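I need the structure of the sequence given here:
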Amino acid sequence: MPIEFHPESGVFFLHSAHMTYAMRIHEFGCLCHLYWGPPLRSQPLDFLLPIRPRAFSPNPAGAPQDFSLNDFPLEYPVYGNSDFRSPALEVRDPSEGSRIVDLRYLSHSIEPGKPGLQGLPATFAANEDSTTLRVRLRDQKLGLTVELLYTVFQDTPALARSATLIHEGSTPLEIKKALSSSVDFSSACENFDFVHLSGNWIRERNISVSPLHPGTQSVESRRGTSSHQHNPFYALAESGASEEHGRVFGFNLVYSGNFIAAVELDEDGRPRAQIGLNPFDFTWRLSPGESFQTPEAILVFSNEGLGGMSRSFHRLYRDHLCRSTFQHRHRPVLLNSWEGTYFDFDAEKLVRIAADAKELGIELFVLDDGWFGHRNAADCSLGDWTVDRRKIPKGLTDLARRINGEGVEFGLWFEPEMVSPDSDLYRQHPDWCLHVAGRPRTEGRAQLILDYSRHEVWEEIYRQIAVLLREAPITYVKWDMNRHLTELSSAALPPERQQEVAHRYVLGLYAMLDRFLEEFPHVLIEGCSGGGGRYDPGMLYYMPQIWTSDNSDAIARLKIQFGTSLAYPLSTMAAHVSIVPNHQVNRTTPFRTRGTVALTGAFGYELDLQLLTEEEKLEVRRQISFFHEMEPLLHSGDLYRLLSPFTGNAAAWMVVSRDRKEALVSYVNILAEPNPATRFLPLRGLDPELHYSINNETHRPGDGLMQIGLPLPFIMDDFTSSQWLLRAL
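Below you'll find the predicted structure:
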C-alpha cells in the first residue's frame with residue numbers, strides 16, 4: 001500500500017518510488033515526524049522519539065517531565081507551548097491578544113488520487129498514480145482546524161505537502177505565518193550542506209553551497225515575486241554528495257510570490273527544514289466559517305546525489321505539474337523580434353522577417369515589445385493593449401494572417417501586470433495600481449504595478465488581451481513582468497487587510513491565468529520576468545516554458561541553465577541563439593556553440609536574420625533539423641550533468657532516453673589551454689550491457705563509455721563545443 005496506517009502504534013508509512021516518509025500520532029496528541037529516506041518496511045520506530053528530561057525544555061500542561069515539544073520532531077510545529085524553534089504556524093486571537101496555538105490530532109483519511117488546491121496551482125495525478133493522506137489537527141479553544149495534505153506518487157520519490165486552515169470558531173483570527181511544509185530530522189545532521197540558487201538579473205540561479213551550522217540559514221523573497229535573487233528551492237545534501245552519490249533532500253514551493261525557505265539547526269544539531277509563504281509583511285484576517293489554503297510544497301528524496309534529485313523533480317514536473325496542452329507536444333522553433341528590431345519596425349519589415357524565417361525552417365515569428373499604444377521606448381502605453389496603427393496600419397489580424405501566409409505562425413508579447421503613467425488606462429483609473437494614499441508612487445522602468453488583488457483590474461486587462469486573441473490567429477504569447485512590487489497597498493481593502501495584498505496579488509494572477517488556459521488552450525504561453533525573475537513551479541503550472549534569462553550569451557547561459565536544472569526540466573528552459581557581439585556581455589562566440597547551448601531547452605532565435613552569412617544560414621538549417629530530431633529526447637529524457645561550469649573550465653551534460661537506448665552528449669570548452677592534456681569524459685545513465693554507435697562513426701560498449709568515457713577533442717580556440725549522438729546498436 002502506498003500509505004499505511006497502524007492504529008495500534010498510531011504510525012503512518014507513506015511509500016513512493018524509492019522513498020519512505022513516516023510519522024506518528026503521539027499519546028500527547030501531537031503529530032510527530034519519524035523518518036524520511038530510502039524505502040523502509042513498516043516497523044516500530046518509537047526509538048526515534050527523544051523521551052528524557054532536559055534542562056530548559058519546559059513540559060506542556062498535562063505532560064510528564066520527560067516530555068517537551070522543544071525536543072520532539074514535529075510535523076507542523078506551533079508557537080507558545082514549549083517549542084522554541086521556528087514554528088510553521090503563528091495565529092493571533094485579536095479578542096485576547098493571544099498568540100498561543102495548541103494543535104492536537106483530530107482525525108485522518110486516506111484516499112486515492114491527488115486533490116487540487118483552491119485558487120492555487122498544484123501537482124496533479126490520476127487515482128492509480130497517487131495516494132493522499134489528510135491529517136486533521138485542531139486547536140479546540142480557537143476553533144481552528146488545520147488539515148495537512150500529503151500526496152505520494154507511484155513513480156517518483158516525491159511528496160506533495162500543503163496545509164488548509166479552517167476557522168470554526170466565533171471570532172476573527174489573524175494568521176501571521178502559515179508554512180506549507182516543516183520537516184524535523186530525527187537525528188543530528190551537522191554534516192549536511194545547504195544548497196540553493198541565488199543571483200540577479202542576467203545572472204540568475206547560481207549554485208550556492210554552504211555547510212549547515214547552528215542557527216538558521218535561509219533564503220527568501222520580499223519582492224512580490226519568486227525573484228531573480230533567490231529561487232523557492234533548496235536542498236540538504238550530505239557533505240561530499242556528488243551528482244550521482246549521496247543522500248539529498250530537495251524542497252520546492254509551487255508559488256510565484258514572497259516565500260521563505262529556511263533550515264534551523266538546533267542545539268543538538270538536528271535540522272528543522274521549512275518552506276512556505278514569507279511571513280514578512282504578511283497578516284491574513286480569517287473570519288469564522290472561512291478557510292486559508294497554503295501553497296503546495298514538493299519534497300524529493302534522492303539516494304543518488306543531486307542528479308537523482310533533479311531527475312525526480314524533472315519527471316514530476318513534466319508529468320504532474322505542467323498543465324498546458326503543450327506539456328508533451330512539439331514546441332515550434334521561434335524567432336523573437338526583440339534583439340533584431342527592438343522598437344524599430346513596421347508591418348512590411350515584420351512580414352519580410354517572417355518570410356526570411358520560413359526560408360530557414362523557423363516555424364513561429366514572435367513580435368516582442370513596441371506594437372501597441374504609441375510605444376517607441378519603454379516609457380509609455382502599458383495597459384493600453386491596442387495596436388499602434390502607425391506601425392501596423394491594418395491591425396494585428398491582418399499582420400498575423402500575412403505572416404501565416406508566409407508559412408509561419410504568429411506570436412505576441414504582453415506585459416499584462418503593468419501600467420505606464422503615460423497610458424489611457426492610468427489616466428482613467430489612477431487608483432488601479434498598487435499605491436499608498438498620500439505617498440509617492442515608485443516607478444521601475446517607467447511603469448507601475450496593476451493591483452491584481454482587485455478582480456475588476458485583471459478582468460479589464462484580460463478583456464483587452466482576449467479581444468486580440470479571439471480576432472487574430474495568435475498561437476503564442478510571451479507573458480512578461482519587468483519590475484518587482486512596491487507600495488503594497490490596495491485602494492479596495494480596509495486598513496486591517498493591507499498585509500494581505502502581496503498574496504492576493506498572486507491569487508489574482510493565478511485566477512487570470514486559469515481563465516486564459518480555459519479559453520485559449522491552443523496558445524503556448526512563455527513566462528518571463530526580465531528573463532528568469534519568476535522561474536518557479538507555480539508559473540510552470542500555466543506556462544510549460546519560461547525565458548530562462550535576458551542574458552542570451554552562450555557562455556553565461558552555461559551557469560544559468562546548469563543551475564536552473566537542479567530543479568527544473570530542460571523542456572521548460574526557453575533558450576535562443578542570439579547575435580554577436582552579445583548584447584548583454586559583448587562576447588563573441590561561435591555560431592555552433594550558441595546552438596549547442598540553446599538546443600538544450602525550448603529552442604529559438606533572437607537576432608536580425610539579414611546580418612547572417614550564408615554559412616551561418618546553413619548552420620541555422622542544420623540546428624533546426626537537429627532540434628526536430630532530438631526534441632523528443634531532450635524534452636522527455638533524463639538529464640545527467642557531467643562537468644560543472646561553476647567548478648571548472650568546461651561544461652558538459654547528457655540527456656538519456658528512458659529506455660537508455662539513445663543519448664545526446666554536449667560539451668562546451670570555455671577557454672582554450674596551451675598544449676592541453678588528453679582528457680576523457682565519462683558518461684552516465686547508459687546501459688552497460690549495450691553497445692552504442694557514436695555519431696554513426698564508431699561504436700563502443702556502454703560500460704566503457706561510463707567507466708572510461710569519450711575522448712575530448714584537442715581544442716585550441718575559446719568557446720568551442722562538441723556533441724555526440726549515441727544510439728544503441
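
Distance check, I392 against V91.
I392 is 54 Å from V91, where distance means Cβ to Cβ, to the nearest Å. Every residue, glycine included, has its C-beta placed from N, CA and C.

the more surrounded of these two?
V91 (26 against 21; other Cβ atoms under 10 Å).

Contact partners for the more buried one?
Going by Cβ atoms under 8 Å, 6 or more residues apart in numbering, V91 touches R99, V101, D139, L142, L144, L165, L173, E174, I175, K176.

Any chance of those in JSON lines with distance to A273 and pLDDT as columns?
Output for these, formatted as JSON lines (distance: Cβ to Cβ, whole Å; pLDDT from 0 to 100):
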{"residue": "R99", "distance to A273": "23", "pLDDT": "94"}
{"residue": "V101", "distance to A273": "20", "pLDDT": "96"}
{"residue": "D139", "distance to A273": "24", "pLDDT": "97"}
{"residue": "L142", "distance to A273": "26", "pLDDT": "96"}
{"residue": "L144", "distance to A273": "24", "pLDDT": "98"}
{"residue": "L165", "distance to A273": "21", "pLDDT": "98"}
{"residue": "L173", "distance to A273": "27", "pLDDT": "98"}
{"residue": "E174", "distance to A273": "26", "pLDDT": "98"}
{"residue": "I175", "distance to A273": "21", "pLDDT": "98"}
{"residue": "K176", "distance to A273": "20", "pLDDT": "98"}
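
Spell out for me which residue occupies the centre of the chain.
D536 (2.2 Å; Cα atoms, centre = their mean).

need the contact list for that one.
S226, N231, P232, L253, V254, Y255, S256.

one step back: could you dump the contacts of V91 to a markdown table with distance to Y510, secondary structure and neighbour count?
Listed next are the contacts of V91 as a markdown table, based on distance: Cβ to Cβ, whole Å; DSSP: H, G, I helix; E, B strand; the rest coil; neighbours: other Cβ atoms under 10 Å:
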| residue | distance to Y510 | secondary structure | neighbour count |
| --- | --- | --- | --- |
| R99 | 30 | coil | 15 |
| V101 | 28 | coil | 24 |
| D139 | 29 | strand | 21 |
| L142 | 28 | coil | 21 |
| L144 | 25 | strand | 23 |
| L165 | 19 | strand | 20 |
| L173 | 24 | strand | 25 |
| E174 | 23 | strand | 16 |
| I175 | 19 | strand | 22 |
| K176 | 23 | strand | 17 |
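
between the residues you listed, which is closest to F67?
Nearest to F67 out of those is V101 (Cβ to Cβ; 18.3 Å).

For that closest one, which non-adjacent residue is spatially closest?
V78 (4.0 Å; Cβ to Cβ, 6 or more residues apart in numbering).

give me the number of residues near that neighbour?
So V78, with other Cβ under 10 Å, has 23 neighbours.

My read is that it contacts D102, right?
Yes. Between V78 and D102 a contact is recorded at 7.0 Å, counting by Cβ atoms under 8 Å.

who's in contact with V333?
Counted by Cβ under 8 Å, 6+ apart, V333 has contacts G361, I362, E363, L364, F603, G604, Y605, I624, F627, H628.

tell me the contacts of the third one?
Same thing as E363. Taking Cβ under 8 Å, 6+ apart, we find E363 in contact with P332, V333, L334, V408, E409.

Please check the residues you listed and keep the buried ones.
P332, V333, L334, V408, E409 (16 or more other Cβ atoms under 10 Å).

Pick the one among those closest to R504.
L334 (33.9 Å).

Could you measure from that closest one over to F603?
8 Å.

where do the helices sit along the stretch 351-500 of the chain?
Secondary structure of the stretch 351-500 of the chain (DSSP state H, counting those that start in this stretch): helices located at 395-405, 424-428, 455-471.

Single out the most deeply packed of those.
Per-stretch averages of neighbours, counted by mean count of other Cβ atoms under 10 Å, single out helix 395-405 among those, with a mean of 18.

For the lengthiest helix in the chain, which residues meet the burial criterion?
The longest helix of the chain (DSSP state H) is helix 614-636. Burial within helix 614-636, assessed by neighbour count using 16+ other Cβ under 10 Å, is assigned to 617, 619-620, 623-624, 626-627, 630-631, 633-636.

Please work out the average pLDDT along stretch 532-547.
Averaged across stretch 532-547, pLDDT comes to 98.

Span of it from start to end?
Counting by Cα to Cα, to the nearest Å, you get 6 Å between the two ends of stretch 532-547.

before we move on, back to that, I'd like the buried residues of helix 614-636 as TSV, with distance to E264 appended.
Output for the buried residues of helix 614-636, formatted as TSV (distance: Cβ to Cβ, whole Å):
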residue	distance to E264
K617	57
E619	52
V620	52
Q623	48
I624	50
F626	48
F627	46
M630	44
E631	44
L633	42
L634	39
H635	38
S636	38
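
how about those, which pair is most distant?
Largest separation among the buried residues of helix 614-636 by Cβ to Cβ: K617 and S636, giving 30.0 Å.

Okay, domains of this structure per the record?
52-320, 334-418+453-482+524-634, 643-728 (automatic domain parsing).

Count the neighbours of the nearest residue to G533 once chain neighbours are set aside for me.
Excluding the flanking residues, the one nearest G533 by Cβ to Cβ, 6+ apart is H228, at 4.4 Å. Counted with other Cβ under 10 Å, the neighbours of H228 add up to 26.

Next, please give the residue ranges for the strands of the stretch 251-400 of the chain.
For the stretch 251-400 of the chain, strands defined by DSSP state E, counting those that start in this stretch occupy the ranges 259-265, 271-277, 284-286, 291-293, 296-302, 334-336, 364-367.
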